[in-house]
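Peer 1: Okay, predicted coordinates and the sequence, questions at the end:
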Amino acid sequence: MSERTLAIIKPDAVRKQAIGDIISRYEKAALKPVAMKLLHMAKPVAEGFYAVHKSRPFFDSLCTFMSSGPSVVLVLQGDNAIKKNREIMGATDPAKAEQGTIRAAHGTNIEFNAVHGSDSPETATFEIGFFFPGMEIYDGR
Ligand code: ADP
Ligand code: MG
């Protein structure tokens, strides 16, 4: 079933000039970008995006990181896009991520881990709507 997921190429990966490599991995996995932009999140924007984590001990540090430089935010579309993207991302902690995954290739540690991916249809709907109005999402494929 074709579905959509939200992906973020985080500030650490943008700083490492890994944008092109990561987008190439999405395309090779048949995850087609249908919306995309580069933006520098203000800290309150990061706090809104990660509101689900606000009681976690790493919340403030995570939001400081996510607002430390530009990110690339994308909507990816494809069969089982949510699960497939989580698979090619690898585990949250890059040290535990399987070889060949994006986090194994580009992650530094459990916080600076290169990419974000929605984890369920409900979070995908919230996260896509957080960054993109419907009119900015390509609807032709
Ligand atoms: P994922 O991004 O794999 O879905 P989570 O939703 O659990 O992981 O966490 C959101 C983000 O918070 C992670 O991608 C990572 O950047 C950061 N994070 C998660 N756990 C920790 C931790 N124990 N210490 C610091 N940062 C963390
Ligand atoms: Mg998550």
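Peer 2: Received the coordinates, thanks. Numbers count the residues shown, from 1 in each chain. Ligands and ions are numbered 1, 2, ... in the order given.
Peer 1: which parts of this protein sit against ligand 1?
Peer 2: 53, 58, 62, 92, 110-111, 113, 116, 119 (CB under 6 Å from any ligand atom). Bear in mind the C-beta positions are built from the backbone N, C-alpha and C, glycine included.
Peer 1: Most neighbours out of the residues you listed, which is it?
Peer 2: Highest neighbour count within those, by other CB atoms under 10 Å: N113, with 24 neighbours.
Peer 1: Go ahead and confirm that one touches D93.
Peer 2: Yes: using CB atoms under 8 Å, N113 makes contact with D93 at a distance of 7.3 Å.
Peer 1: ranges for the helices of this structure?
Peer 2: Secondary structure of the chain, counting by DSSP state H: helices at 11-15, 19-28, 43-49, 59-66, 81-89, 102-106, 121-131.
Peer 1: can I get those helices in a markdown table with mean pLDDT?
Peer 2: As requested, the helices of the chain are exported to a markdown table (pLDDT from 0 to 100):
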| stretch | mean pLDDT |
| --- | --- |
| helix 11-15 | 99 |
| helix 19-28 | 98 |
| helix 43-49 | 98 |
| helix 59-66 | 98 |
| helix 81-89 | 98 |
| helix 102-106 | 98 |
| helix 121-131 | 98 |
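Peer 1: Minimum distance to M36: which of these has it?
Peer 2: helix 19-28 (8.2 Å; CB to CB).
Peer 1: elements contacting the closest one?
Peer 2: On a contact count with 3 or more CB pairs under 8 Å, 6 or more residues apart in numbering; DSSP states H and E, helix 19-28 meets strand 2-9, strand 32-39, strand 71-79, helix 81-89, helix 102-106.
Peer 1: buried ones in that helix?
Peer 2: Neighbour counts over helix 19-28 (16 or more other CB atoms under 10 Å) mark 22-23, 25-26 as buried.
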